[in-house]
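S.K.: Starting from these lines, generate the structure:
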Amino acid sequence: MKVTTLENISIEIVARKILSRMGYRAKAQIPSQDKILVESLIPEMLAQIDSKIAIADFKAIQLDTNSLKLESDISVESTNLVHVMQDAKFVSIYAATIGDNVEEMSTMLSKSGKIKDAHVWDAFGSEAAEAVAKRVSIVVNQRAKRKNMVTTKRFSPGYGDLALKYNRIIIDILKTSQIGISVTDAGLLVPRKSTTGFIGWKNI
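M.R.: Numbering: from 1, shown residues only. Now for the predicted structure:
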C-alpha cells in the first residue's frame, strides 16, 4: 500500500461561503459591517492555513448489504457507505487538514472577548476544511480517469450510520502523524478542522 501525501494545497474561499456558515442564508440578511469584516480578514486567514492530505487506494474485495471489504483486511460496516460505494472497483481512503492555526486563532479571539471575529475565523476554518476535502475529490478523480473510471461522492465517518470509530482506523491505515492528524478516544479528529473519508472508483 502506498500513501500519497500532498501539502500546501491551493484553495479559494469567498466571503459569501463564510457568511453562510455564520448563519446568513440570504444576501438581504447580511449586515454590511459583517461583510466588510469577513472580506478584510480573508487574506490573513488564508495565510494561516497549513493544508495537508494523505490518500491511499485499495481494491474493493466485497460489497454486501451492510459491509465493505477492501484489500489489506480492511472491513467497514455501514449500509450508507455501501450504498454510495455500490459497484466500486477501488476505494480511496483519505485524511485532510488545514492545520490548527485557524482554530487556535478563533479560540484566542473568543477568550479575549472578540466573539464576532472568533465566529468569522471558525466559519472560515470549516469552509477551508471542506475546500481542501474537495481538492481530495479532484485528485482522486484524476487518478480514476487514468484508468478510464469515474468516482463517487465522498463519504465520511460521522455521516449516516458510518461510525466515528472508523476515524481511528483511517488514521492508523494512513499513518497520519506525518500530516499532523490524530484522533481522540471518542473518534474525533485533531486538529478539529480535519476530515477523513472514502471515495469509490467505478467503471464508466
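S.K.: how about the helices in the chain?
M.R.: 15-21, 32-47, 79-84, 101-111, 115-146, 165-174 (DSSP state H).
S.K.: hmm, who's touching the second one?
M.R.: Pointing back at helix 32-47 there. Helix 32-47 has contacts (CB atoms under 8 Å, 6 or more residues apart in numbering) with 11, 13, 15, 18-19, 22, 24, 102, 116-117, 120-121, 124, 128. Every C-beta, even on glycine, is put in place using the N, C-alpha and C of the backbone.
S.K.: just for the chain, where's the confidence low?
M.R.: Counting by pLDDT under 70, the chain shows no low-confidence range.
S.K.: Using CSV, write out every CA atom in the longest strand that it contains.
M.R.: Taking DSSP state E as the criterion, the chain has its longest strand at strand 52-63. Output of strand 52-63 as CSV, limited to C-alpha atoms (Å, rounded to 0.1, in the frame of the first residue of the first chain):
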residue,chain,number,x,y,z
LYS,A,52,-2.1,18.6,4.1
ILE,A,53,-3.6,15.5,2.5
ALA,A,54,-2.9,11.8,2.8
ILE,A,55,-4.5,9.3,0.3
ALA,A,56,-4.2,5.6,-0.3
ASP,A,57,-6.1,3.4,-2.9
PHE,A,58,-7.4,-0.1,-2.2
LYS,A,59,-9.1,-2.7,-4.4
ALA,A,60,-12.7,-3.4,-3.4
ILE,A,61,-13.0,-7.1,-2.5
GLN,A,62,-16.6,-7.4,-1.4
LEU,A,63,-19.7,-5.3,-1.1
